[in-house]
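> Take a look and give me a structure for this.
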Amino acid sequence: MTVLVTGATGQIGRLVIERLLAAGATVRALSRDPSRAALPTAVEVVAGDLTVPSSLAAAFDGVDAAHLLAAVGDDYGPNPAAAGIVAQAERAGVRRVTVLWRGEAGPLEHAVAASRLEWTRLEPAEFMSNALHWAESIRSEGVVREPYADVLGAVVDEADVAAVAAAILLDGGQAGRVLTPTGPEALTPPQRVAALAAATGREIRYVELTDAQARERWRAFGHTDDLIELLAGYHSAPPPESYTVSPIVEQLTGRPPRSFAAWAQEHADVFGRVSRPAAV
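Numbering: from 1, shown residues only. Below is the predicted model:
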């Protein structure tokens with residue numbers, strides 16, 4: 001079968017492509033600039049823009065299933081062109097889609113729900129790789145500064161999310177469902193910091209920011225007010241699905257999801273792993 005992957009150069013898209021290729025699927029990738037996509041040679045990269053549905057006809061042509069992104073742009077906003085995307089997919093004879101998003105249902109979710117497509121929404125918990133934002137302060141100061149210290153999150157490895165998406169695209173069986181891939185346990189930010197300390201052999205302090213301090217930091221990063229509200233709302237009062245451990249990864253991939261401790265061990269060098277003295 002032929003599968004189209006949008007967001008193909010993003011952190012999830014590349015992993016979905018890797019899984020699909022390993023399963024023997026024919027993979028087509030959508031990119032606004034195919035010359036910069038840097039994807040495996042087995043992937044057919046086509047030009048197109050999710051905000052311009054008329055540019056997607058060639059991308060959808062002959063496709064059996066498609067992985068779609070609900071959010072677009074630097075501010076991760078809903079795509080106002082969603083209805084046009086779904087119309088192009090239906091016109092091309094696409095049978096099955098996965099829609100990746102975290103948050104309230106927007107134009108794309110509503111459009112696929114009203115279509116003839118076999119759709120599945122993926123709303124994963126927070127990605128483990130968000131901890132990479134802590135790497136510089138851990139290496140330079142041995143500290144992590146974050147708000148909302150008591151808030152739990154069943155953080156998930158992006159590779160597990162990609163594996164779930166690929167399984168649905170290839171095998172189906174999840175039509176009309178909203179699935180939340182999670183890790184195997186719910187952890188607070190300080191607990192994740194403790195796992196990084198164990199993996200790196202470093203002493204790492206957790207310093208809790210106030211809500212106002214967190215908002216000011218996001219503003220300094222250049223985030224829009226709308227995105228700041230989205231981040232503050234999600235991280236201070238996340239939906240139950242984001243901290244409730246889900247069996248979805250194991251059900252659809254046949255293996256348990258990766259733990260944050262295992263993720264931390266694999267990425268320990270990024271955070272400045274130090275050598276432990278040999279046991280005497």
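> Residue 217 and residue 223 touch, don't they?
No: applying C-beta atoms under 8 Å, one finds residue 217 not in contact with residue 223, separated by 9.2 Å. (Each C-beta comes from the backbone N, C-alpha and C, glycine too.)
> more neighbours, the two?
residue 223 (18 against 15; other C-beta atoms under 10 Å).
> if I look at that one, how far off is residue 79?
Going from residue 223 to residue 79 by C-beta to C-beta, to the nearest Å gives 19 Å.
> cool, residue 173 as well?
Counting by C-beta to C-beta - residue 173 and residue 79 are separated by 27 Å.
> And these two? Which one has more around it.
Between residue 173 and residue 79, residue 79 has the larger neighbour count (other C-beta under 10 Å), namely 21 against 11.
> Ramachandran coordinates for that one?
Residue 79 adopts backbone torsions of phi -90, psi 110, taken as degrees, to the nearest 10.
> Let me see the contact set for it.
50, 51, 69, 70, 71, 72, 85, 106, 107, 108 (C-beta atoms under 8 Å, 6 or more residues apart in numbering).
> What residues does the nearest residue to the fourth one once chain neighbours are set aside make contact with?
Yep, that's residue 70 we're talking about. Distance criterion C-beta to C-beta, 6 or more residues apart in numbering; nearest residue to residue 70, sequence neighbours excluded, is residue 101 at 3.5 Å. For residue 101, the contacting residues are 69, 70, 71, 108, 109, 121, 122, 123, by C-beta under 8 Å, 6+ apart.
> Going by neighbour count, which of those residues comes out on top?
Busiest of those [other C-beta under 10 Å] is residue 108, holding 28 neighbours.
> now that residue, nearest residue through space, not along the chain?
residue 82 (3.9 Å).
> pLDDT below threshold where in the stretch 1-150 of the chain?
Scanning the stretch 1-150 of the chain with the threshold set as pLDDT under 70 gives 73-76, 102-103.
> Helices along that one, start to end?
Using DSSP state H, counting those that start in this stretch, the helices of the stretch 1-150 of the chain run over 11-22, 57-60, 82-92, 107-113, 135-141.
> quick one on the thing from earlier: any idea how far residue 233 is from the residue nearest to residue 108?
On the measure of C-beta to C-beta, residue 82 and residue 233 end up 22 Å apart.
> Compare those two and say which is more crowded by neighbours.
residue 82 (23 against 12).
> ok, now which ones touch the more buried one?
70, 106, 107, 108, 110, 111.
> could I get these as CSV with distance to residue 91?
Listed next are those as CSV, based on distance: C-beta to C-beta, whole Å:
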residue, distance to residue 91
70, 20
106, 22
107, 18
108, 16
110, 19
111, 13
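> which among those gets closest to residue 261?
Set against residue 261, the nearest of the contacts of residue 82 by C-beta to C-beta is residue 70 (30.8 Å).
> Correct me if wrong: that closest one contacts residue 106.
Yes: counting by C-beta under 8 Å, residue 106 is a contact partner of residue 70 at 5.8 Å.
> could you point out the longest helix in the chain?
Scanning the chain for the longest helix, with DSSP state H as the assignment, gives helix 158-171.
> Tell me which residues of it come out buried.
158-170 (16 or more other C-beta atoms under 10 Å).
> For it, name the packing helices and strands.
In terms of contacts (3 or more C-beta pairs under 8 Å, 6 or more residues apart in numbering; DSSP states H and E), helix 158-171 is packed against helix 11-22, strand 65-69, strand 96-100, strand 118-122, helix 248-253.
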